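J.: attaching a predicted model along with its sequence, questions to come.
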Protein chains: 2
Amino acid sequence: MERKLILIANDDGVHAPGLHRLVEAVAPLGDVVVVAPDGPRSGQSSAMTVNGPLRVEEHPEYGDAKVYSVSGTPVDCIKIAMNNILKRRPDIVLAGINHGSNAGVNILYSGTMGAVLEGCLQGIPAVGFSLLHHSIQADFSQAMPLARMITEKVLANGLPHDVCLNVNFPAKVTIEGVKVVRAARSHWTEEYQTYTDPHGKPFYWLTGGLVNEEPDATDTDLYWLDRNYATVVPSTTSQNALDAIGLVTDFLK
Amino acid sequence: MERKLILIANDDGVHAPGLHRLVEAVAPLGDVVVVAPDGPRSGQSSAMTVNGPLRVEEHPEYGDAKVYSVSGTPVDCIKIAMNNILKRRPDIVLAGINHGSNAGVNILYSGTMGAVLEGCLQGIPAVGFSLLHHSIQADFSQAMPLARMITEKVLANGLPHDVCLNVNFPAKVTIEGVKVVRAARSHWTEEYQTYTDPHGKPFYWLTGGLVNEEPDATDTDLYWLDRNYATVVPSTTSQNALDAIGLVTDFLK
């Protein structure tokens, strides 16, 4: 049987430790090709480069994994990997392990999940992994065996049409188990810190915190991450609000 | 009664004709404030600037509308408008009129819809408008009265929690009417055109076309846009695949 082909992207860039840990975790499961941004692209969502060129660089292998960097977004990485780098269709698209949470509303902004949604749109089982710790020195040791287990199960079972997985791991704790749940309704409370540049002109820098709008909902990712469980959220590329079609039809009459 | 406050963003940038046409279309309905990117940001999805500063510039008024540009993405425009520019919460967030389609799968990549989804997340009724024509000289005259009618109805009725509208207008035709429908399942077939730079190194540029996966589905936007109707797709920020939770729970056991 042909070995499984595993495509890995991320949004923290080709040199991020979380990417290396994911390669190590899943290397026993197949042939790994990394196609990742050439630098940090956090918060890039499903952005893609439409009005400019892209560069691709081949890097030294990491273990047995081939490694390429792309001068664009996580979505660009998946598109150019599929079109110009990989010799055949991958069996799975993985992204991460992200340095920082992609739970709750964060899926909407996440470049990691942008790569995963792009794989999903192309009909490939796809899984994003994130650790709730931003440090470059974060400890991924508890996340790695779970990332491998989930990847193995998805390779064996596939995923339904237009369904991908958003996996988050708690940090600095013993992980109690895995919960398959939905993303909690949540939003960011934000402010812009204001500065003055050397020429006397203002500039602004985003800061803020995530607010869980349903802290008691036991079927959500934020609830279980708080309680030291890893969470798996089945996610979709569709953003149709089917329930609202009737109401909107009525009031536009 | 206080006049309605209308916040308008886009992804084609503060100088795009489609933005000016939208301001003209809705100016009679309230006080308009434009907060738009300082240049083109097509394909920026829900990307935001997390690792760098933002600049805000005040421009001359357009009619009676105040106009600001931001050195970031469409999502950045909404966030900084809400936090640092507007004196009160807007009654509605509009984006557009986009030069080009945001029908089908395009909502996922669209910076225009990124701004709309951000307004929706902040609990404000939000509508994105797009014309199926990329030209800077596109004719928005048929779209304008419909954009005004839809804005007026949404100001009067509001929208359900976590529902926003993605409105697309056909171009270069007499618009037959308005259909409230869902986004068609669709994807891009893509290729990268390959070039060689003056130093002999390759670079790549994305090209492609949209494929409608369900061309006969009469409840979809792509179907009706093909038949010269404007389409209104109720859309949501949620990407939960609730139906898959049971199945994924079983196979991860």
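T.: Yes, it's here. Fair warning: this is a prediction, and the values are worked out from it, not measured in the lab. Numbering: from 1, shown residues only, chains lettered A, B, ... in the order given.
J.: A helix includes A:Glu57, no?
T.: No. Counting by DSSP: H, G, I helix; E, B strand; the rest coil, A:Glu57 is not part of a helix but strand.
J.: give the contact list for it.
T.: A:Asp38, A:Tyr68, A:Ser69 (C-beta atoms under 8 Å, 6 or more residues apart in numbering or on different chains). Using the backbone N, CA and C atoms, a C-beta is placed for each residue, glycine as well.
J.: CSV for those residues, including distance to chain B, secondary structure and neighbour count?
T.: Output for the contacts of A:Glu57, formatted as CSV (distance: C-beta to the nearest C-beta, whole Å; DSSP: H, G, I helix; E, B strand; the rest coil; neighbours: other C-beta atoms under 10 Å in any protein chain shown):
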residue, distance to chain B, secondary structure, neighbour count
A:Asp38, 13, coil, 18
A:Tyr68, 12, strand, 20
A:Ser69, 13, strand, 20
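J.: and A:Tyr68, what does it touch?
T.: A:Tyr68 sits next to A:Val14, A:Val33, A:Val34, A:Val35, A:Ala36, A:Val56, A:Glu57, A:Glu58, A:His59, A:Ala81, A:Ile85 when contact means C-beta under 8 Å, 6+ apart.
J.: cutoff 7 Å now
T.: For A:Tyr68, the contacting residues are A:Val34, A:Val35, A:Val56, A:Glu57, A:Glu58, A:His59, A:Ile85, by C-beta atoms under 7 Å, 6 or more residues apart in numbering or on different chains.
J.: from the residues you listed, keep the buried residues only.
T.: Among the contacts of A:Tyr68, the ones that count as buried by 16 or more other C-beta atoms under 10 Å in any protein chain shown are A:Val34, A:Val35, A:Val56, A:Ile85.
J.: for B:Asp139, state which of the contacts of A:Tyr68 is nearest.
T.: B:Asp139 lies nearest to A:Val56 out of the contacts of A:Tyr68, by C-beta to C-beta, at 39.6 Å.
J.: what pairs with that closest one across the strands?
T.: A:Val70 (DSSP bridges).
J.: for A:Val93, same thing?
T.: Beta-bridge pairing of A:Val93 under DSSP bridges involves A:Leu7, A:Ala126.
J.: contact residues of the stretch 51-200 of chain A facing chain B?
T.: For the stretch 51-200 of chain A, the contact set with chain B under C-beta under 7 Å from any C-beta of the partner chain comprises A:51, A:53-56, A:79-80, A:83-84, A:105, A:107-109, A:114, A:117, A:121, A:150, A:153, A:157, A:160, A:163, A:165, A:178, A:180, A:182-183, A:187, A:190-192.
J.: buried subset of those residues, written for PyMOL?
T.: The PyMOL selection below is limited to those of those classed as buried (16+ other C-beta under 10 Å):
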select buried, chain A and resi 53+54+56+79+80+84+105+107+108+109+114+117+121+150+153+163+165+178+180+182+183+187+192
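J.: among the residues of the stretch 51-200 of chain A next to chain B, which lie within strands?
T.: When DSSP state E defines the strands, the subset of those inside them is A:Val56, A:Leu165, A:Val178, A:Val180, A:His187, A:Glu190, A:Glu191, A:Tyr192.
J.: who are the neighbours in contact with the first one?
T.: Read that as A:Val56. Counting by C-beta under 7 Å, 6+ apart, A:Val56 touches A:Tyr68, A:Val70, A:Ile80, A:Ile85, B:Tyr204.
J.: can you show me the CA trace of stretch A:71-88 as CSV?
T.: Only the C-alpha atoms of stretch A:71-88 are listed here, as CSV (Å, rounded to 0.1, in the frame of the first residue of the first chain):
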residue,chain,number,x,y,z
SER,A,71,6.0,34.3,1.0
GLY,A,72,2.2,34.4,1.6
THR,A,73,-0.6,33.4,3.9
PRO,A,74,-1.5,29.9,5.3
VAL,A,75,-4.2,29.6,2.6
ASP,A,76,-1.6,30.4,-0.1
CYS,A,77,0.5,27.6,1.4
ILE,A,78,-2.2,25.0,0.8
LYS,A,79,-3.1,26.3,-2.6
ILE,A,80,0.5,26.4,-3.9
ALA,A,81,1.3,23.1,-2.3
MET,A,82,-1.6,21.4,-4.1
ASN,A,83,-0.8,23.0,-7.4
ASN,A,84,3.0,23.3,-7.6
ILE,A,85,4.7,21.4,-4.8
LEU,A,86,3.1,18.0,-4.1
LYS,A,87,3.3,15.3,-6.6
ARG,A,88,0.0,13.8,-5.6
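J.: neighbouring contacts of it?
T.: Stretch A:71-88 is contacted from outside by A:5, A:7, A:9-11, A:33, A:35-38, A:41, A:44, A:46-49, A:54-56, A:68, A:70, A:93, A:95, A:111-112, A:114-115, A:118-119, A:122, B:190-192, B:204, B:206, using C-beta under 7 Å, 6+ apart.
J.: in that stretch, which residues are buried?
T.: A:71-82, A:84-86.
J.: nearest residue to the middle of chain A?
T.: A:Thr112 (2.6 Å; C-alpha atoms, centre = their mean).
J.: so where's chain A shaky on pLDDT?
T.: Within chain A, the segments meeting pLDDT under 70 span A:1.
J.: and the helices in it?
T.: Using DSSP state H, the helices of chain A run over residues A:17-26, A:74-80, A:111-121, A:143-157, A:221-226, A:245-252.
J.: distance to A:Ser235 added to the contacts of A:Glu57, as CSV?
T.: Listed next are the contacts of A:Glu57 as CSV, based on distance: C-beta to C-beta, whole Å:
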residue, distance to A:Ser235
A:Asp38, 27
A:Tyr68, 26
A:Ser69, 26
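J.: related to what we said a few turns ago, nearest to A:Phe140, of the contacts of A:Val56?
T.: A:Tyr68 (22.1 Å).
J.: thought B:Ser238 was touching A:Leu108, still the case?
T.: No. Taking contacts as C-beta atoms under 7 Å, A:Leu108 lies outside contact range of B:Ser238: 9.0 Å.
J.: about what we covered before: for the residue nearest to the centre of chain A, give me its contacts.
T.: Applying C-beta under 7 Å, 6+ apart, the residues contacting A:Thr112 are A:Asn10, A:Asp11, A:Pro74, A:Ala95, A:Gly96, A:Asn98, A:Asn102, A:Gly128, A:Ser130.
J.: ok, A:Ala183 touching A:Pro234?
T.: No. Look at A:Ala183 against A:Pro234 with C-beta under 7 Å: they stay out of range, at 9.7 Å.
J.: still on that earlier bit, between the buried ones among the contacts of A:Tyr68, which is nearest A:Phe140?
T.: Among the buried ones among the contacts of A:Tyr68, A:Val34 lies closest to A:Phe140 (C-beta to C-beta), at 15.8 Å.
J.: so who does that closest one touch?
T.: Contacts of A:Val34 by C-beta under 7 Å, 6+ apart are A:Ile8, A:Val14, A:Leu19, A:Val23, A:Tyr62, A:Ala65, A:Lys66, A:Val67, A:Tyr68.
J.: pipe these into JSON lines and attach distance to B:Leu252 per row.
T.: JSON lines is the format used below for the contacts of A:Val34 (distance: C-beta to C-beta, whole Å):
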{"residue": "A:Ile8", "distance to B:Leu252": "20"}
{"residue": "A:Val14", "distance to B:Leu252": "29"}
{"residue": "A:Leu19", "distance to B:Leu252": "23"}
{"residue": "A:Val23", "distance to B:Leu252": "22"}
{"residue": "A:Tyr62", "distance to B:Leu252": "28"}
{"residue": "A:Ala65", "distance to B:Leu252": "25"}
{"residue": "A:Lys66", "distance to B:Leu252": "29"}
{"residue": "A:Val67", "distance to B:Leu252": "29"}
{"residue": "A:Tyr68", "distance to B:Leu252": "31"}
